[in-house]
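> this is a predicted model, with the sequence first.
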Amino acid sequence: MGIVNQEAVKQFQLLMGEVDEALKKSFEGALKEATETIFSHAFSFPQHRLGSHPSNIHQGYLRETLTRFLKARDGNVQKAHKMLVDCLNWRIQNDIDNILKKPILPPNLYRAVRDSQLTGLSGYTKEGLPVIAVGVGQSTYDQASVHSYVQSHIQLNEYRDRVVLPAATKKHGRYIGTCVKVLDMTGLKLSALNQIKE
């Protein structure tokens, strides 16, 4: 769906105003100032502070965020609302709003995860979209448990959403809410997926 009816956005916004406080906090709540963490160093991203952003989900771009969920559900307000509420419940149940403050420990395990899950910011498009390179074929995913790789994957996405995209938005003076991912399939062997530890 290309264009979303603005009336649908208004209806969606009204529905989000009725959700419980825990969901509102995850959706609208301000992030507290956080100190630099290991993630800004090891994700191959520029160093930034993780705090000072207006919200965890919409980064101050409420209309654009609601539009994104509406597009994902072909403009159906009720389905988009359910999708966003499910997303927020998942974030709360898994403490995603605080995941960047939870390092994968010990440090040698973290380094092993990052060395076997090759992902990093490689630059920007002419339009200012961040380009994330994913070395799918060279990633072995054999140095840690599935939990550690899932945590790392979520942390990378949260860092992109909370730091990289807002920085790109600020730099270009317009909303940038997406990125380009380049999947390098060189050396991909499906048998590598069987190597993931339980």
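Thanks, I have it. Residues are numbered from 1 along each chain as shown.

> determine the set of other helices and strands touching the helix or strand hosting Leu66.
Following DSSP states H and E, one finds Leu66 within helix 62-72. Secondary-structure packing of helix 62-72 (3 or more CB pairs under 8 Å, 6 or more residues apart in numbering; DSSP states H and E): helix 6-16, helix 77-93. Placement of C-beta: from N, CA and C, glycine included.

> pLDDT wise, what is the most centrally placed residue in the chain at?
For the chain, Asn157 is the residue whose C-alpha lies nearest the centre (CA atoms, centre = their mean; 3.0 Å). Asn157 carries a pLDDT value of 92.

> then it would be within a helix, right?
Yes - assessed by DSSP: H, G, I helix; E, B strand; the rest coil, Asn157 belongs to a helix.

> start at 7 instead
Done: numbering now begins at 7, and the last item shifts to Asn163.

> flag the shaky bits of the protein, pLDDT-wise.
Along the chain, segments meeting pLDDT under 70 span 7-8, 35-64, 197-204.

> now Tyr155: how far from Glu70?
The gap separating Tyr155 from Glu70 is 30 Å, by CB to CB, to the nearest Å.

> more neighbours: which of those two?
The neighbour comparison of Tyr155 against Glu70 (other CB atoms under 10 Å) goes to Tyr155, with 20 against 14.

> surely that one meets Tyr147?
Yes - with contact defined as CB atoms under 8 Å, Tyr155 counts as touching Tyr147 (5.8 Å).

> angles on the backbone of Val140, please.
phi -120, psi 120 (degrees, to the nearest 10).

> repeat for Thr125
The phi/psi pair for Thr125 (degrees, to the nearest 10) reads phi -150, psi 140.

> which residues of the chain fall in helices?
With helices called from DSSP state H, the chain shows them at 12-22, 27-34, 44-48, 68-78, 83-99, 113-122, 152-165, 171-178.

> of the ones you listed, which is nearest Val137?
Judged by CB to CB, the one of the helices of the chain that comes nearest to Val137 is helix 171-178, at 10.7 Å.
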